[in-house]
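> Sequence and predicted model, in that order:
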Amino acid sequence: MRLNDASLLRQQASIGGHWRDALDGAVLTVHNPATGDRIGSVPACGALETKDALAAAQAAQPAWAELPAKGRTFILRRLAALMHEHIDDLALLMTSEQGKPLAESRGEIAYSASFIEWFADEARRVYGETIPSTQVDRRIHAIRQPVGVTAAITPWNFPMAMLARKAGPALAAGCAMVVKPASQTPFSALAFAELAARAGVPSGLLSVVTGSATRIAGEMTSSPIVRKLSFTGSTDIGRLLMRQSADTIKKLSLELGGNAPFIVFDDADIDAAVEGAMVSKYRNTGQTCVCANRIYVQRSVLEEFTRKLVERVGQLKVGDGTHDGVTQGPLIDDKAVAKTEEHIADALAKGGTLLAGGKRHALGGRFFEPTVIDNASDDMLVAREETFGPLAPIFAFDTEDEVVSRANDTEFGLAAYFYSRDLGRALRVAERLEAGMVGVNTGLISTAEAPFGGIKQSGLGREGSRHGLDDYLELKYICLAGL
Ligand SMILES: NC(=O)C1=CN([C@@H]2O[C@H](COP(=O)(O)OP(=O)(O)OC[C@H]3O[C@@H](n4cnc5c(N)ncnc54)[C@H](O)[C@@H]3O)[C@@H](O)[C@H]2O)C=CC1
Ligand SMILES: O=C(O)[C@H](O)CS(=O)(=O)O
């Protein structure tokens, strides 16, 4: 991997302001999912290294919280500027470890920087309240203060954005943070730590500890030093972390799995709906928590929509994300390939009709053909489980009430999308869909200004927007009496 700034490829953990190996010298090897080649290695840290990181965070956080907000704003803005300045290197690191096309990696770096920029400004809006007292000798105040030391566990699918969406508000609020990145994609997080140090984030305030998820998270969830944990990943692991955090009553932010319905009504702009389905389904090769997982099409427009979708899917180019024109990278690992194959086989066994793709790509490895299946039915695995792969199942429906009921028939509630040009329907359906986020006439809704998060078993809390800062703040009531 040829970087302009070779020092952005860090193969040590960032612990308490120092680049360190694991205490026992153990390492994890990181491979390129497109080629299988070894990219490098990172320390296989555990509980002891995490304890060191938490101790350093606890020592550094008070001074950071006492810094006037404008000081935090200045440093965060400088961090965002450095991310943009090094976008080429950061994108190459990301594509090499995660597989997404370079254009998507560049987009993710800009998206990540937008969270840092957003929270750089929000840092100066941590307002308090003065509440009219009912007693003349008393005054009631409420102030917001940083929760203290926080921890984050981030996924492989957006290795920089999910970190920025957590570290941005944490640092803006005056907190410290210890991060465990996914073992498949540690280099983006380590490069972030390097740029944060260059931007002036004080030593020890932000640590990135690579290695054993269970041992690192075991320390994060059991240590009383950690006052808040933020996690993005599967619902199963989110549930586990919630249990592990109960003994110390931690604040939790959980961005978990999804099963997004994508609904096309008969009054939709079909061409727009096709483009929306393409970006919602095939972005990051279908490996996003807000992907369209089920595509419902009203029967009278089913033939037109399906024909046009298949035509557009045929234009996707599968390959190594560093190669020109590639729009679909590999899946992250063999488990992901197997899950996509399982969902396809199940759908075909239950009456689905294969219209495009359907199997591993001729390139071999973890490359997979973008797939479309028609005649999908609610008894299929793909109707109930998050595929997290390039599979678009098309379900026919007849009425608005029917499709809203079917769309809501899931334990998940992260994102939902629909296309309609009827204003009454748009308001009715947006309000009835059980999801934390609803896209109307768009398949791409994620932005730093908006509250991102789910309901039901898709998680707790919101990231981004002005609400994203609240999770890193405590509200303190001050009663001034005897006046
Ligand atoms: N909401 C989202 O954006 C994401 C959802 N997922 C869902 O999860 C499924 C499985 O993907 P995975 O990579 O296996 O997700 P995962 O939930 O296992 O991994 C996410 C993060 O959790 C960590 N982790 C794993 N086991 C842990 C444990 N016992 N204690 C503490 N941390 C642990 C991982 O190292 C990684 O950093 C996907 O197919 C998808 O359905 C996965 C990634 C992101
Ligand atoms: O975890 C994810 O899949 C991301 O949150 C998706 S997005 O923020 O890039 O839309």
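Cool, got the structure. Residues are numbered from 1 along each chain as shown. Ligands and ions are numbered 1, 2, ... in the order given.
> from here on, contacts and neighbour counts on C-alpha atoms
Will do.
> what are the ranges of the helices in the stretch 51-200 of the chain?
69-85, 87-98, 102-122, 161-173, 187-199 (DSSP state H, counting those that start in this stretch).
> For ligand 1, find the nearest of those helices.
helix 161-173 (8.2 Å; Cα to the nearest ligand atom).
> what helices or strands is the closest one leaning on?
helix 69-85, helix 102-122, strand 149-153, strand 176-180, helix 467-470 (3 or more Cα pairs under 8 Å, 6 or more residues apart in numbering; DSSP states H and E).
> Tell me which of the ones you listed sits nearest to residue 255.
strand 149-153 (10.6 Å; Cα to Cα).
> and the residue nearest the centre of the chain, what does it touch?
Nearest to the geometric centre of the chain sits residue 162, at 4.4 Å (Cα atoms, centre = their mean). Residue 162 is in contact with 112, 154-155, 232, counting by Cα atoms under 8 Å, 6 or more residues apart in numbering.
> helix or strand for the residue nearest to residue 309 when sequence neighbours are not counted, which one?
Using Cα to Cα, 6 or more residues apart in numbering and skipping the chain neighbours, the partner closest in space to residue 309 is residue 274 (5.6 Å). Taking DSSP states H and E as the criterion, residue 274 maps to helix 270-282.
> So what touches that helix?
Residues contacting helix 270-282 (Cα under 8 Å, 6+ apart): 262, 264, 286, 290-293, 304-305, 308-309, 312-313, 328, 370, 389-392, 419, 441-444.
> mind listing which of those residues are in strands?
Residues from these lying in strands, with DSSP state E as the criterion: 262, 264, 292-293, 391-392, 419.
> Contact distance from ligand 2 - what residues of the stretch 201-350 of the chain qualify?
Applying Cα under 6 Å from any ligand atom, we find that the stretch 201-350 of the chain lies next to ligand 2 at 288-290.
> Nearest to ligand 1 among those?
Closest to ligand 1 out of these is residue 289 (4.3 Å), distances taken as Cα to the nearest ligand atom.
> surely residue 460 meets residue 454?
Yes - applying Cα atoms under 8 Å, one finds residue 460 in contact with residue 454, separated by 6.6 Å.
> Find residues that contact each of those two.
Residues touching both residue 460 and residue 454 (Cα under 8 Å, 6+ apart): residue 255.
> between those two, who's got more neighbours?
For residue 460 versus residue 454, the count of surrounding residues by other Cα atoms under 10 Å is larger for residue 454: 25 against 19.
> For the more buried one, give me its contacts.
For residue 454, the contact set (Cα under 8 Å, 6+ apart) comprises 255-256, 412-415, 435-437, 460-462.
> what about the helices in the stretch 301-450 of the chain?
For the stretch 301-450 of the chain, the helices defined by DSSP H, counting those that start in this stretch occupy 302-313, 334-349, 381-384, 400-407, 423-432.
> And the first one, what's buried?
Just to be clear, that refers to helix 302-313. 302, 305-306, 308-310, 313 (16 or more other Cα atoms under 10 Å).
> about what we covered before: what residues sit buried inside the helix holding residue 274?
270, 273-282.
> could you dump these to CSV with pLDDT and distance to ligand 1?
Listed next are the buried residues of helix 270-282 as CSV, based on pLDDT from 0 to 100; distance: Cα to the nearest ligand atom, whole Å:
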residue, pLDDT, distance to ligand 1
270, 98, 28
273, 99, 23
274, 99, 23
275, 98, 22
276, 98, 19
277, 98, 18
278, 98, 18
279, 98, 16
280, 98, 14
281, 98, 14
282, 98, 15
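> Report the two of those residues separated the most.
Across the buried residues of helix 270-282 (Cα to Cα), the longest gap, 17.8 Å, separates 270 and 282.
> Pick the most deeply packed of the helices of the stretch 301-450 of the chain.
Burial of these is given as mean neighbour count (mean count of other Cα atoms under 10 Å); helix 381-384 ranks first at a mean of 20.
> Setting aside sequence neighbours, what's the nearest residue to the residue of the stretch 301-450 of the chain found nearest ligand 2?
Ranked by Cα to the nearest ligand atom, the top residue of the stretch 301-450 of the chain for proximity to ligand 2 is residue 446, at 4.6 Å. Leaving aside its chain neighbours, residue 446 sits nearest to residue 452 (7.2 Å; criterion: Cα to Cα, 6+ apart).
> was I right about the one you found contacting residue 437?
Yes - here residue 452 reaches residue 437: they are 7.0 Å apart, a contact under Cα under 8 Å.
> And the average pLDDT for stretch 234-249 is what?
Regarding stretch 234-249, the rounded mean pLDDT is 98.
> List the buried residues of that stretch.
With burial defined by 16+ other Cα under 10 Å, the residues of stretch 234-249 counted as buried are 234-235, 238, 241-242, 244-245, 249.
> helix/strand/coil for the residue lying closest to residue 190 once chain neighbours are set aside?
Computed as Cα to Cα, 6+ apart, the closest residue to residue 190 that is not its neighbour in sequence is residue 10, at 6.0 Å. Under DSSP: H, G, I helix; E, B strand; the rest coil, the three-state class of residue 10 is coil.
> circling back: indicate which one of the helices of the stretch 301-450 of the chain is closest to ligand 1.
helix 334-349 (6.5 Å).
> still on that earlier bit, now the two most distant members of the contacts of residue 454.
Across the contacts of residue 454, no pair lies farther apart than 412 and 462, at 15.5 Å, counting by Cα to Cα.
> the more surrounded of the two?
Legend: neighbour count by other Cα under 10 Å for residue 412 and residue 462, higher for residue 412 (25 against 21).
> Who are the contact partners of that one?
Residues near residue 412 by Cα under 8 Å, 6+ apart: 257-259, 435, 454-458.
> Can you give me the distance of it to residue 52?
Computed as Cα to Cα, to the nearest Å, the residue 412 to residue 52 distance reads 37 Å.
> quick revisit: out of the buried residues of stretch 234-249, which are inside helices?
Judged by DSSP state H, the subset of those located in helices is 235, 238, 241-242, 244-245.
> about what we covered before: look at the residue nearest to residue 190 and say how many residues are nearby.
21.
> do residue 415 as well
Residue 415: 29 surrounding residues under other Cα under 10 Å.
> Run through the residues that contact it.
With Cα under 8 Å, 6+ apart, residue 415 has these contacts: 258-261, 290-291, 435-439, 454.
> partner residues bridging it?
When assigned by DSSP bridges, residue 415 has beta-bridge partners residue 437.
> Please determine how far the residue of the stretch 151-300 of the chain found nearest ligand 2 is located from residue 168.
Nearest residue of the stretch 151-300 of the chain to ligand 2 (Cα to the nearest ligand atom) works out as residue 288 at 3.4 Å. From residue 288 across to residue 168, the span is 21 Å (Cα to Cα).
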